[in-house]
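Engineer: one predicted model, sequence on top.
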Amino acid sequence: MDTMNIIVAQNIKRLREENKLSMEELSRLSGVSKSMLAQIERGDGNPTISTLWKISNGMKVPFDALTIRPKSPFELVKLSDTQPLYEDGGKVRNYPVFPDDEDRRFAAYYLELDPGSYWESEPHLKGTEEFITIFSGTMEILADSRKFQVQKGESIRFKADTAHSYKNIGEEMTILHMILFNP
């Protein structure tokens, strides 16, 4: 199985070429330096989730278009085989379990947030909603200028097309499942 960096590299290059964008144009649209884009496209970079959001928003494609794996009629995903995307210096690990694709308008993620970790997400495409269920721990979610405390056994849904953030406010690792719905 290809590593997530290789999958991301192949998808960004394919999408950039399909949209007839030069590295320079994508850099201007995304705010990500041309040298960083080149590094990511070679599979040498280890881009943060925030960087990938800037690239996806710059290309006006769902985030998951960057993380989608090659198609198969079935797919068994083992977390141990999935390379996470990192935020907050590795304290937030986001495993793309089922990225969005052209036939499906949702994506599923498994996330682990270490105690005290924080991650602010870029706005997603217009109309995108997030559905989160907490399996362990407690976190604070800021969405649409409102704070929500969500803990084990609780779920939350919110519009994700504005900036929003996640913070583990508990003493233990927070584990959650996230579904992004792209209209």
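Structural biologist: Now that the structure is in, tell me what you want to look at. Numbers count the residues shown, from 1 in each chain.
Engineer: where do the strands sit along this protein?
Structural biologist: Taking DSSP state E as the criterion, the chain carries its strands at 85-87, 92-98, 106-113, 118-121, 129-136, 138-143, 146-151, 155-159, 164-168, 174-181.
Engineer: could I get the ones you listed as a markdown table with mean pLDDT?
Structural biologist: Below are those laid out as a markdown table (pLDDT from 0 to 100):
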| stretch | mean pLDDT |
| --- | --- |
| strand 85-87 | 93 |
| strand 92-98 | 93 |
| strand 106-113 | 95 |
| strand 118-121 | 94 |
| strand 129-136 | 98 |
| strand 138-143 | 97 |
| strand 146-151 | 98 |
| strand 155-159 | 97 |
| strand 164-168 | 97 |
| strand 174-181 | 96 |
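Engineer: looking at those strands, which is closest to S27?
Structural biologist: Judged by C-beta to C-beta, the one of the strands of the chain that comes nearest to S27 is strand 85-87, at 20.6 Å. For the C-beta atoms, the positions are set from N, CA and C on the backbone; glycine is no exception.
Engineer: so what strands line up beside that closest one?
Structural biologist: Counting by DSSP bridges, the strands paired with strand 85-87 are strand 92-98 (antiparallel).
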